[in-house]
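K.L.:
below is the structure, and that's it, no one-letter string:
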């Protein structure tokens, strides 16, 4: 079994103890009552390129370019990890949230693992997806994950007596395994990435506490805090799904890491 690392510009898969389908499900949350931003308000302040240059693969023979690999039998296309091209994103969070795009699929479920720099597992979880069984084109039952395709997320939980929370200035590796058949791992699809938790500057912290969410997106992006910038934009879209400024900002942020094919629903 080979570990496949799908980097963003090549298509991949990324990590909620409770599965949350952010795009594709209609979340019943109150809409914020405020003037919509102009298209330029957020997007014009986001970087054109998140990283100066993509980092090369480490040379690990277990990591493969996904571009010539066949799709797994339970996936209609490649899942996509919402991470920078290098695979590494920075965060301020002790318990960060990881995002990925899941295409139309018949997968049984998923497994998530987080390891420290010594390759010691500090968190893992495994669970089945909610399933639906509509008829396929041939009139046969086609068991599918409810709500896909869409953007999913996993938040590392607060667990007592573990090695969590993430420590500052430390890197952590995560893997997500999409389980096609729990009785046959040969068709499973893996992805991997790295999270680095960084310390926050007191001045930046004060600005973030006072800033509205659209300004926080810009502040996070300028500091290259990927998980915060992405997560704040996802929440903005959930609250204001028709705001052209939010949509434009999403497109700009994802394009900066080579993920311009991903669209908010």
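P.N.:
Nice, thanks for sending it over. It should be emphasised that the depicted structure is a prediction, and the values quoted were computed from it without experimental measurement.
K.L.:
let me see the backbone angles for residue 190.
P.N.:
Backbone torsions of residue 190, given as degrees, to the nearest 10, read phi -110, psi 150.
K.L.:
tally up the residues packed near it, please.
P.N.:
19 (other C-beta atoms under 10 Å). Glycine gets a C-beta too; all of them are placed from N, C-alpha and C.
K.L.:
how about the residue nearest to the spatial centre of the chain: what's its closest non-neighbour residue?
P.N.:
Closest to where the C-alpha atoms of the chain average out (C-alpha atoms, centre = their mean) is residue 99, at 1.7 Å. Leaving aside its sequence neighbours, residue 99 sits nearest to residue 82 (C-beta to C-beta, 6 or more residues apart in numbering; 4.2 Å).
K.L.:
which SSE is residue 47 in?
P.N.:
Element membership of residue 47, judged by DSSP states H and E, is empty: it is in no helix or strand.
K.L.:
which elements pack onto the strand or helix carrying residue 220?
P.N.:
In this structure, residue 220 sits in helix 213-222 according to DSSP H and E. On a contact count with 3 or more C-beta pairs under 8 Å, 6 or more residues apart in numbering; DSSP states H and E, helix 213-222 meets helix 39-43, helix 202-210, helix 226-239, helix 244-255.
K.L.:
which stretch among these comes nearest residue 49?
P.N.:
Closest of those to residue 49 is helix 244-255, at 9.0 Å (criterion: C-beta to C-beta).
K.L.:
you'd agree residue 73 is up against residue 187?
P.N.:
Yes: counting by C-beta atoms under 8 Å, residue 73 touches residue 187, with 5.3 Å between them.
K.L.:
now for these two: what residues contact both?
P.N.:
residue 180 (C-beta atoms under 8 Å, 6 or more residues apart in numbering).
K.L.:
gap between stretch 120-128 and the chain center?
P.N.:
17 Å (C-alpha atoms, centre = their mean, to the nearest Å).
K.L.:
and residue 144, bridged to which residues?
P.N.:
Counting by DSSP bridges, residue 144 forms beta bridges with residue 132.
K.L.:
quick check, it in contact with residue 104.
P.N.:
Yes: shown here, residue 144 and residue 104 form a contact pair, counting by C-beta under 8 Å, at 6.7 Å.
K.L.:
those two: who's more crowded?
P.N.:
Ranked by neighbour count (other C-beta under 10 Å), residue 144 and residue 104 place residue 144 first, with 21 against 14.
K.L.:
relative to residue 129, how far out is that one?
P.N.:
For residue 144, the distance to residue 129 equals 9 Å [C-beta to C-beta, to the nearest Å].
K.L.:
same check on residue 99?
P.N.:
17 Å.
K.L.:
for residue 85, same thing?
P.N.:
Distance of residue 85 to residue 129, given as C-beta to C-beta: 28 Å.
K.L.:
can you check residue 203 too?
P.N.:
Remark: distance between residue 203 and residue 129 (C-beta to C-beta) = 43 Å.
K.L.:
what's the answer for residue 114, then?
P.N.:
Residue 114 sits 20 Å away from residue 129, going by C-beta to C-beta.
K.L.:
now residue 165
P.N.:
Relative to residue 129, and taking C-beta to C-beta, residue 165 is found at 27 Å.
K.L.:
higher neighbour count, the two?
P.N.:
Comparing residue 165 with residue 129 by neighbour count (other C-beta under 10 Å), the higher total belongs to residue 129, at 23 against 15.
K.L.:
ok, the closest residue to residue 75 other than its chain neighbours - contacts?
P.N.:
Leaving aside its chain neighbours, residue 75 sits nearest to residue 105 (4.9 Å; criterion: C-beta to C-beta, 6+ apart). Residues in contact with residue 105 (C-beta under 8 Å, 6+ apart) are 74, 75, 76, 144, 145, 148, 149, 178.
K.L.:
of those, which belong to strands?
P.N.:
144, 145, 178 (DSSP state E).
K.L.:
can I get those residues in a markdown table with distance to residue 44?
P.N.:
Formatted as a markdown table, the ones in strands among the contacts of residue 105 follow (distance: C-beta to C-beta, whole Å):
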| residue | distance to residue 44 |
| --- | --- |
| 144 | 39 |
| 145 | 37 |
| 178 | 36 |
